[in-house]
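Colleague: Sequence first, predicted model second:
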Protein chains: 2
Amino acid sequence: MYKENLMPVYYNALKNAFPDFSKDEMSFIITKINISTLNTKKMYLMAGEIQQNLIFVYQGLLRIFSINDKGEEITIAFARENSLAADYDSFIKQNPSKYYIETLEDSLLINIPFSLIQECYSKYKNFEKTSRLNAEAHLSKRQRRIESFLFNNAEQRYLNFVSENKDLLHRISITHLASFLGIKRQTLTRIRKALNL
Amino acid sequence: MYKENLMPVYYNALKNAFPDFSKDEMSFIITKINISTLNTKKMYLMAGEIQQNLIFVYQGLLRIFSINDKGEEITIAFARENSLAADYDSFIKQNPSKYYIETLEDSLLINIPFSLIQECYSKYKNFEKTSRLNAEAHLSKRQRRIESFLFNNAEQRYLNFVSENKDLLHRISITHLASFLGIKRQTLTRIRKALNL
DNA sequence: TCTATTATGGCACATATGTGTCATAATAGA
DNA sequence: TCTATTATGACACATATGTGCCATAATAGA
């Protein structure tokens, strides 16, 4: 098993995911999680499957997407290192996911089982608070994304994405970014061309 | 004071807002909240003010909106009876709000002070969980709204709104609904006309 | 009731975005 | 390395949505 030598990896990741946890709590958790590596362009989850684990991206980049009624892939989110990738809804309810999750880069993932999270709720009183704050933080982000559709046109959404995600810009394709912004690839190309002038 | 005779009103509202609370906890909370009534088209909160209270709409209808750089009002949300109206972000951080909140109907509001919520977190262990579940539920709703922009055109967003909010449809104006859907009033008129055929 | 204000529907025209297609560039895998 | 596959930029044309305007309907307040 890798567990022995990968312990430091686990530990660093967990400090990010569960900042309020004590060493005792951390070492309990470490026995219950597992690590996995996936090369570029591999599926982590298919729509219809139940997402058993909350994914913490230690290294690499994931894409969460869905397929619309025309068969087009619509990118819902990118999940970079030090962030969680999940179909929140389906994971919480342990329902089949509406989404696909794939790697865009070679990735090192920490898998946090649903059952462990439930265990933590009852076992550690801090965990409810950690999760509440986490949910509230995600709430803010989604609110901002909703407002980007209400207030901004496609060009402004693109410019906002660029300024807030300089690091991602060269790691994702135009095609994926366009669908994330809610426009067609051709439209994004046109916008980029107009901006270069 | 109204407190004596309005107690049943408080109590019913609180059962909705805090389903897990015991009678003891409820009676503590009742001493700390206050009720207010506002007639139609009155401002509850102006942008720039700090939202001191979480608003529970016992009766009536509120609208949360913002003003864009062209001076147009953009409706962020409607808050009907038995729901919360808040600029979540600003309320949690007690920062000046970006939004305006106004009544669209005569309304009866339960004001839950920020300080009471903080007190509840430390005093009642259930409250963290209640709030986490509440935040997670809101998260799902916002995710669905994001996806409505990614997957649906204006006509489909309108039809979805109609089917999910039959009760609201005749209580709000075309103008407000259009800005909520992310389109101009004229576009919504055009869509409605096309659908009637 | 009357009047002023606001909301709505409608239209012509402008702009933004989508569609379908192609050639070329970049990339992955044998 | 070579070849097949996929991504990108480009364009003409189609459709969706925005803009500015007007007339009328609905509403609020004196």
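Modeller: Structure's in. What do you need? Numbers count the residues shown, from 1 in each chain, chains lettered A, B, ... in the order given.
Colleague: residue contacts, the residue most central in space within chain A?
Modeller: Computing the C-alpha centroid of chain A and ranking residues by CA atoms, centre = their mean puts A:A85 first, at 2.6 Å. Contact partners of A:A85, counting by CB atoms under 8 Å, 6 or more residues apart in numbering or on different chains, are A:Y44, A:I55, A:V57, A:L62, A:I64, A:A77, A:A79, A:I101. Every C-beta, even on glycine, is put in place using the N, C-alpha and C of the backbone.
Colleague: okay, it: pLDDT?
Modeller: Note on A:A85: pLDDT of 92.
Colleague: before we move on, what about A:H170?
Modeller: For A:H170, the model assigns a pLDDT of 93.
Colleague: looking at chain A, which helix or strand does the model trust least?
Modeller: helix A:3-17 (a mean of 68; mean pLDDT, DSSP states H and E).
Colleague: State the mean pLDDT of the lengthiest helix in chain A.
Modeller: As assigned by DSSP state H, the longest helix anywhere in chain A is helix A:125-151. Mean pLDDT, computed over helix A:125-151, is 94.
Colleague: hang on, the earlier thing: per-residue confidence at the residue nearest to the residue nearest to the centre of chain A when sequence neighbours are not counted?
Modeller: Among residues not flanking A:A85 along the chain, A:A79 sits closest, at 3.5 Å (CB to CB, 6 or more residues apart in numbering or on different chains). Per-residue confidence (pLDDT) for A:A79: 97.
Colleague: what does A:Y2 give?
Modeller: 46.
Colleague: rewinding a little: the residue nearest to A:A85 is in contact with A:L62, isn't it?
Modeller: Yes - counting by CB atoms under 8 Å, A:A79 touches A:L62, with 4.3 Å between them.
Colleague: Check which residues of the longest helix of chain A are buried.
Modeller: Neighbour counts over helix A:125-151 (16 or more other CB atoms under 10 Å in any protein chain shown) mark A:127-136, A:138-139, A:142-143, A:145-151 as buried.
Colleague: got it, and stretch A:94-108?
Modeller: By 16+ other CB under 10 Å, the buried positions in stretch A:94-108 come out as A:S97, A:Y99, A:Y100, A:I101, A:E102, A:T103, A:L104, A:E105, A:S107, A:L108.
Colleague: Can you give the distance of that stretch from its chain's centre?
Modeller: How far stretch A:94-108 lies from its chain's middle: 8 Å, per CA atoms, centre = their mean, to the nearest Å.
Colleague: Then stretch A:164-173?
Modeller: Here the centre of mass of C-alpha atoms in stretch A:164-173, compared against the chain's by CA atoms, centre = their mean, lies 15 Å away.
Colleague: same question, stretch A:153-165
Modeller: For stretch A:153-165, the distance from its own C-alpha centre to the chain's C-alpha centre is 19 Å (CA atoms, centre = their mean).
Colleague: now stretch A:103-111
Modeller: When C-alpha coordinates are averaged (CA atoms, centre = their mean), stretch A:103-111 and its chain have centres 10 Å apart.
Colleague: Other residues contacting that stretch?
Modeller: A:9-10, A:13-14, A:17, A:33-42, A:44, A:52-63, A:78, A:171-172, A:176.
Colleague: Give the buried subset of those residues as a ChimeraX selection command.
Modeller: The buried residues among these can be selected in ChimeraX (16+ other CB under 10 Å) with this line:
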select /A:10,13,14,17,33,34,35,38,44,53,54,55,56,57,58,60,61,62,63,78,172,176
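Colleague: just checking, which of the contacts of stretch A:103-111 belong to helices?
Modeller: Using DSSP H, the members of the contacts of stretch A:103-111 that fall within helices are A:V9, A:Y10, A:A13, A:L14, A:A17, A:H176.
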